[in-house]
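A.B. asks: Any chance you can model this:
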Amino acid sequence: MRSGCFLGAFALISTAAGAADMGAVALPPSAPEHCKVAISTPVFGPTIKPNPNPACIETALGDIYVGGVVSGLAYNFSPPFSPLSPVFPVPLNSGRDEQNRVDFTNMMATVQKADGQFQFYVQAGLYSFPLLGFPLYSSFDQNTQFFGPVPIAFGKYQINDEWSVQGGRMFGNIGSEGLFTYQRINISGGLLFNQEIFLNQGVQVNYSSGPWNAALAVTDGFFSGDLNWVTGYITYKIDDNSTVGINGGTHFQNFDSRFRGSKFQVATPVTLQNSSIISVNYTYTNGPWTITPYGQYTSVDRDARLGLGGAETYGGALLVAYNFTDWFSIGGRVEYIAQNGSRLNPGTTTNLLYGAGSSAASYTITPTFTFDRFFVRGEYSHVDLYGIQIGDLASGTLGTGFGRTGNVRSQDRYMVEAGFTF
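C.D. replies: Got it, this is the predicted structure:
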């Protein structure tokens with residue numbers, strides 16, 4: 001009797017186990033989760049917050065994420081540049097540097113596929129690049145003179161977990177500040193940023209493993225349309241708080257933009273397109289603090305055919321941001337940059353700054369208020385120039401500094417920017 005009960009129980013357990021096994025085998029594989037990728041492009045700074053839940057559309061190609069930024073700016077400069085400035089001459093039909101203006105800084109939409117082997121990223125719309133010590137044209141003029149309504153558009157192939165290759169219109173590899181205003185600690189890009197590649201066209205190979213990240217690209221440099229530059233970067237994450245990096249690039253073939261259209265005089269200056277640049281940086285992040293010091297060196301070789309006398313600049317900057325609360329932060333920047341040469345004999349040195357032998361120093365402070373995805377921030381900046389050439393209106397010459405006459409050695413800027421991410 002006991003034996004029969006035991007055999008019956010064993011049979012019942014075996015039948016149940018078999019049924020469980022059959023059920024496990026028969027279950028279909030779990031469906032992949034959609035719209036769960038952490039979006040890393042574009043890179044935001046520590047003060048403005050991206051939309052944590054961008055719109056996502058399930059398509060036959062995969063999950064397509066849609067986002068963007070809308071923001072506007074009101075500012076006052078004292079004083080603006082002259083359209084006839086020998087330092088930053090205004091090409092025909094490129095607009096005018098005004099003392100006061102209300103304008104858009106971003107009306108940008110992004111569309112991207114951020115996972116799988118094939119990925120892509122497109123950013124299109126209206127934009128403005130406020131830069132210290134540099135003329136600021138209207139956003140519509142900048143779209144015309146810089147990169148058009150689709151400044152960023154590239155495809156990417158993820159070979160494996162470590163290697164990928166991408167091509168198209170891409171963010172530049174050089175420097176420590178973001179291109180668009182919402183990517184920066186400050187509204188305006190700094191004096192060193194003015195020497196760097198904003199974005200370029202070409203092909204790039206990326207590598208990422210553990211604490212190491214690196215990229216190597218063949219591009220058109222300062223948006224020349226000719227593949228004659230090599231750029232790259234290497235970063236190493238020392239620990240959870242510290243990262244060190246080096247980035248730079250150089251041209252391997254000369255390019256003459258002087259006799260091309262006015263667009264090339266703004267986006268592709270003959271001096272910088274035929275230059276080399278290297279930058280080293282360190283970033284410390286810990287709680288509310290983000291601190292980034294970096295140094296930078298630029299050189300242009302002498303080339304009589306291009307009218308280049310050769311020049312060098314060297315400079316350093318310190319960027320700091322502190323988040324007091326989730327809704328209030330302050331960002332600041334101090335920097336200094338200088339050029340070689342002598343203002344007493346300016347013809348022997350190509351101008352990369354404010355004339356041969358010139359230098360500039362600046363400081364900027366930017367308080368930022370954020371409310372969910374909305375932001376409002378103000379900014380005050382001051383630039384001092386040293387070693388500029390003084391013009392003589394009686395003889396018809398302008399100086400290489402600020403103001404309509406080019407003889408002013410300092411500039412103050414007051415800005416307010418407001419907008420939202422979506």
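A.B. asks: give the contact list for residue 331.
C.D. replies: By CB atoms under 8 Å, 6 or more residues apart in numbering, residue 331 lies in contact with 45-47, 184-186, 319-322, 365-368. Every residue, glycine included, has its C-beta placed from N, CA and C.
A.B. asks: dump the residue contacts of residue 269.
C.D. replies: 222, 257.
A.B. asks: Would you mind measuring from it to residue 383?
C.D. replies: When CB to CB, to the nearest Å is the yardstick, residue 269 and residue 383 sit 20 Å from each other.
A.B. asks: same deal with residue 180?
C.D. replies: Here the distance between residue 180 and residue 383 works out to 21 Å (CB to CB).
A.B. asks: Make sure residue 325 is indeed in a strand.
C.D. replies: No. Inclusion of residue 325 in a strand is not indicated when DSSP: H, G, I helix; E, B strand; the rest coil is applied; the result is coil.
A.B. asks: so where does residue 134 fall, helix or strand?
C.D. replies: Per DSSP states H and E: residue 134 is located in neither a helix nor a strand.
A.B. asks: Over to the one 10 residues further on?
C.D. replies: Residue 144 is located in helix 139-145, with elements delineated by DSSP H and E.
A.B. asks: ok, and for that helix, which residues are buried?
C.D. replies: Residues of helix 139-145 classed as buried: 139, 141, 142, 143, 144, 145 (neighbour count, 16 or more other CB atoms under 10 Å).
A.B. asks: ok, now stretch 256-268?
C.D. replies: When neighbours are counted by 16+ other CB under 10 Å, the buried residues of stretch 256-268 are found to be 257, 263, 264, 265, 266, 267, 268.
A.B. asks: any idea which of these is closest to residue 249?
C.D. replies: Ranking these by separation from residue 249, with CB to CB as the measure, puts residue 268 on top at 14.5 Å.
A.B. asks: The closest one and residue 197, how far apart?
C.D. replies: According to CB to CB, residue 268 stands 10 Å off from residue 197.
A.B. asks: shaky segments in the chain?
C.D. replies: 1-32, 84, 89-95, 346-347 (pLDDT under 70).
A.B. asks: could you redo the last one with a cut-off of 50?
C.D. replies: Low-confidence regions of the chain, defined by pLDDT under 50, span residues 1-24.
A.B. asks: Which stretches in it count as helices?
C.D. replies: For the chain, applying DSSP state H gives helices covering 2-26, 139-145, 262-267, 270-273.
A.B. asks: one step back: now the common contact residues for residue 268 and residue 197.
C.D. replies: When contacts are counted by CB under 8 Å, 6+ apart, residue 268 and residue 197 have 221, 222 as shared neighbours.
A.B. asks: Could you pull up the residues touching the residue lying closest to residue 112 once chain neighbours are set aside?
C.D. replies: The spatially closest residue to residue 112, leaving aside those adjacent along the chain, is residue 121, at 4.3 Å (CB to CB, 6 or more residues apart in numbering). The neighbourhood of residue 121, defined by CB under 8 Å, 6+ apart, consists of 41, 110, 111, 112, 114, 152, 153, 154, 156.
A.B. asks: give me the beta-bridge partners of residue 121?
C.D. replies: According to DSSP bridges, the partner residues bridging residue 121 are residue 112, residue 154.
A.B. asks: Could you check how far the residue lying closest to residue 155 once chain neighbours are set aside is from residue 252?
C.D. replies: Nearest-residue entry for residue 155: residue 120, 4.7 Å, with adjacent residues in sequence omitted and distances by CB to CB, 6+ apart. From residue 120 over to residue 252 the distance is 28 Å, taken as CB to CB.
A.B. asks: more neighbours, the two?
C.D. replies: Using other CB atoms under 10 Å as the criterion, residue 120 and residue 252 rank with residue 120 on top: 17 against 11.
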